[in-house]
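*Asks:* Compute the structure for the input listed below.
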Amino acid sequence: MNTQEKPRHITIIGAGLVGSLQAIYLAQRGYQVTVFEQLPDIRKEAIPAGRSINLALANRGIHALEQVGVMEQVKSLLITMKGRMLHDESGNLHMQKYGQKSEEVIYSVSRAGLVSILRDKAEATGLVKFYFKHELKGIKFDTRRCDIENLITGEIKAHEFEYLVGADGGGSQVRACMEALETTEVTSELLDHSYKELTIPADANGDFQLYKEALHIWPRGEYMLIALPNPDASFTLTLFMPNRGEVSFEAIHDEQQLEQFFDQHFADAKALIPDLKTEYFNNPTGYLGTIRCSDWHHENVMLIGDAAHAVVPFHGQGMNAGFEDCAQLNAALEASDDDWQMAIPQFEAARIDNANAIADMALEHYVEMRATVRDPKFHLKKAIAFELENRLPEYFIPRYSMVTFHLIPYAEAKSRGLIQSRILEQLSEGIKDISEVDFERGERLVVQKLPRLNLGN
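*Replies:* You can find the predicted model right below:
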């Protein structure tokens, strides 16, 4: 029995992708929603570069967008990516499909386009009000008030809230307020690698200069370049590299060193980047980090998305995990008849292990993308995994597919993936070709070691 009076008004800090989608979910449950965002509204004015302009949308994110009825509008923004196009040092290409079914693809999507659709959808409910250029300055948890500064006027006003949702990203002010009270333990693990964005424009005819339906990777061991397609036929390039060392951001001081570096390691890409020098020296160098919190709520304040669990971008799951948070909070509210005191702990319990699992897998995936994909043994294991999936689809799904094309909880995908990795190691030991694999043994190992999958999700 619900003993709590249902709150009528929810406050969200952060109008990014997760905050905007969360506003839609809450409005569709009948709540009045106020959203404060410190940045300008990208629908009305350009925002300085720094964050990636495109992202990878996969099944978890699609599922959440479908639940609020916005996916049809989003489709016009999407570019299908069927796999990785690997570029070796000599410029040779190798296409590696993500999955073996035609529907097993991911999508490049414009951050600005997607967040604009979500904000429009939220406002169209008539229940959501956005306040841009408004920054959270502090939270009084005991009296349920927060201080908000209007960045245009400099005026700070107190705002009363019933429940406050912190969807304000990796640099979350809401999380900082919780941390100051010592209500949550936060670990922030910065990689000793960073990233910088560059651009391959469309050609003179307005066409793509690289194969359109792929995520392009130039894997070079300790560093790599990747490219995602954009609707205007350009590609957004991202260079990932150590901060210090012989090959690093620290080691490139001038245009000559930059030219030599690209000539030596990324020659085929360099020919397609007309503004390499300008972009490299003017665009910011972005940090890469993982944030984990021991508790995602205190009193009537909770965290969601990157504010609770920022991950490195190498599995393409940051946005998808955040969108899945929104769907799971909605499910917890549904199950508890909108009793927030019951729903918030249920939501946290359902998500925290999964958030930690995708954080771990994203870090592992960086090594795979920049280095492991160059090993013929990796490709053999991938082929064996696909064949085991064909033979025993209720027991064996490659880990990447579990994460990207299914709604299997991240923690389950991680634990099953460890068992599967050992099986693949055993089956590939001492051989060079899939024709040499003992698949009868493989089937026995799979059924012995792995429980049957629950694919009802």
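*Asks:* show me the contacts for residue 397.
*Replies:* 389, 406, 408, 453 (C-beta atoms under 8 Å, 6 or more residues apart in numbering). To be clear about C-beta, it is placed using only N, CA and C from the backbone, and glycine gets the same treatment.
*Asks:* If you count neighbours, what's buried in the longest helix seen in the chain?
*Replies:* Counting residues, the longest helix in the chain under DSSP state H turns out to be helix 340-370. With burial defined by 16 or more other C-beta atoms under 10 Å, the residues of helix 340-370 counted as buried are 340, 342-348, 351-352, 354-363, 365-366, 368-370.
*Asks:* Show me what the helix or strand just after it is packed against.
*Replies:* From helix 340-370 onward toward the C-terminus, using DSSP states H and E, the following helix or strand is helix 376-391. Contacts defined by 3 or more C-beta pairs under 8 Å, 6 or more residues apart in numbering; DSSP states H and E place helix 376-391 against helix 410-428, helix 439-449.
*Asks:* as a whole number, average confidence for helix 376-391?
*Replies:* Average pLDDT, helix 376-391: 95.
*Asks:* List the contacts of the following helix or strand past it.
*Replies:* Note on helix 376-391: by DSSP H and E, the next helix or strand toward the C-terminus is helix 399-405. Helix 399-405 is contacted from outside by 58-59, 98-99, 101, 103-104, 106, 315-317, 358, 361, 389, 408, 410, 412-414, 416-417, 420-421, using C-beta under 8 Å, 6+ apart.
*Asks:* I'd like to know which of these are buried.
*Replies:* 58-59, 98-99, 104, 106, 315-317, 358, 361, 389, 408, 410, 412-414, 416-417, 420.
*Asks:* Return the residues in contact with the residue nearest the centre of the chain.
*Replies:* With distances taken as C-alpha atoms, centre = their mean, the residue of the chain nearest its centroid is residue 318 (1.9 Å). By C-beta under 8 Å, 6+ apart, residue 318 lies in contact with 55, 306, 310-311, 362.
*Asks:* and the gap between it and residue 369?
*Replies:* Using C-beta to C-beta, to the nearest Å, we find residue 318 at a distance of 15 Å from residue 369.
*Asks:* averaged over its residues, what pLDDT does the longest helix of the chain have?
*Replies:* Helix 340-370 shows a mean pLDDT of 95.
*Asks:* What of stretch 10-28?
*Replies:* 98.
*Asks:* centre of the chain versus it, how much separation?
*Replies:* Stretch 10-28 sits 17 Å away from the centroid of its parent chain (C-alpha atoms, centre = their mean, to the nearest Å).
*Asks:* what's the longest strand in this protein?
*Replies:* strand 186-200 (DSSP state E).
*Asks:* tell me the secondary structure for residue 264?
*Replies:* Here residue 264 is recorded as helix under DSSP: H, G, I helix; E, B strand; the rest coil.
*Asks:* and whatever helix or strand comes next after the longest strand of the chain, which strands flank it?
*Replies:* The first helix or strand that comes after strand 186-200 along the chain, using DSSP H and E, is strand 215-219. The pairing partners recorded for strand 215-219 under DSSP bridges are strand 83-87 (parallel), strand 224-229 (antiparallel).
*Asks:* and residue 386, what is it in contact with?
*Replies:* Here residue 386 is in contact with 100, 398 (C-beta under 8 Å, 6+ apart).
*Asks:* Could you check how far it is from residue 103?
*Replies:* From residue 386 over to residue 103 (counting by C-beta to C-beta), the distance is 15 Å.
*Asks:* thinking again about what came up before, tell me the two of the contacts of residue 397 that are most distant?
*Replies:* Farthest pair in these (C-beta to C-beta) is 389 and 408. Separation: 13.2 Å.
*Asks:* quick one on the thing from earlier: could you give the mean pLDDT of the longest strand of the chain?
*Replies:* For strand 186-200, the per-residue pLDDT averages 94.
*Asks:* Taking helix 340-370 as reference, get the angle to that strand.
*Replies:* Relative orientation of strand 186-200 and helix 340-370, computed by axes from the mean of the first three to the mean of the last three C-alpha atoms, to 10 degrees: 50 degrees.
*Asks:* Adjacent strands (with direction) for the helix or strand bottoming out on mean pLDDT in the chain?
*Replies:* When the helices and strands of the chain are scored by mean pLDDT, DSSP states H and E, strand 54-57 comes last with a mean of 90. Within its sheet, strand 54-57 is paired with strand 106-110 (antiparallel), according to DSSP bridges.
*Asks:* got the contact list for the strand it pairs with?
*Replies:* Residues outside strand 106-110 that contact it (C-beta under 8 Å, 6+ apart): 53-58, 74, 77-81, 98, 215, 228-231, 316, 404.
*Asks:* Just give me how far that strand sits from the chain centre.
*Replies:* Centroid separation for strand 106-110 versus its chain: 11 Å, with C-alpha atoms, centre = their mean.
*Asks:* Just the mean pLDDT for it, thanks.
*Replies:* 95.
*Asks:* And the next helix-or-strand element following it, what's buried?
*Replies:* On the C-terminal side of strand 106-110, the closest following helix or strand by DSSP H and E is helix 111-124. Buried residues in helix 111-124, counted by 16+ other C-beta under 10 Å: 111-119, 121-123.
*Asks:* before we move on, the earlier item: continuing past the least confident helix or strand of the chain, what's the next helix or strand?
*Replies:* Toward the C-terminus, strand 54-57 is succeeded by helix 59-67 as the next helix or strand (DSSP H and E).
*Asks:* in that next one, what counts as buried?
*Replies:* Buried, per 16+ other C-beta under 10 Å, within helix 59-67: 59-65, 67.
*Asks:* Redo those as JSON lines? Include distance to residue 12 and pLDDT.
*Replies:* What follows is the buried residues of helix 59-67, written out as JSON lines (distance: C-beta to C-beta, whole Å; pLDDT from 0 to 100):
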{"residue": "59", "distance to residue 12": "25", "pLDDT": "97"}
{"residue": "60", "distance to residue 12": "21", "pLDDT": "98"}
{"residue": "61", "distance to residue 12": "19", "pLDDT": "98"}
{"residue": "62", "distance to residue 12": "22", "pLDDT": "98"}
{"residue": "63", "distance to residue 12": "21", "pLDDT": "98"}
{"residue": "64", "distance to residue 12": "16", "pLDDT": "98"}
{"residue": "65", "distance to residue 12": "18", "pLDDT": "98"}
{"residue": "67", "distance to residue 12": "18", "pLDDT": "98"}
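*Asks:* hmm, back to that, centre of the chain to the longest helix of the chain, how far?
*Replies:* Taking mean C-alpha positions (C-alpha atoms, centre = their mean), helix 340-370 and its chain are 11 Å apart.
*Asks:* Stretch 304-323 too?
*Replies:* The chain centre lies 4 Å from the centre of stretch 304-323; the measure is C-alpha atoms, centre = their mean.
*Asks:* Also stretch 314-332?
*Replies:* How far stretch 314-332 lies from its chain's middle: 9 Å, per C-alpha atoms, centre = their mean.
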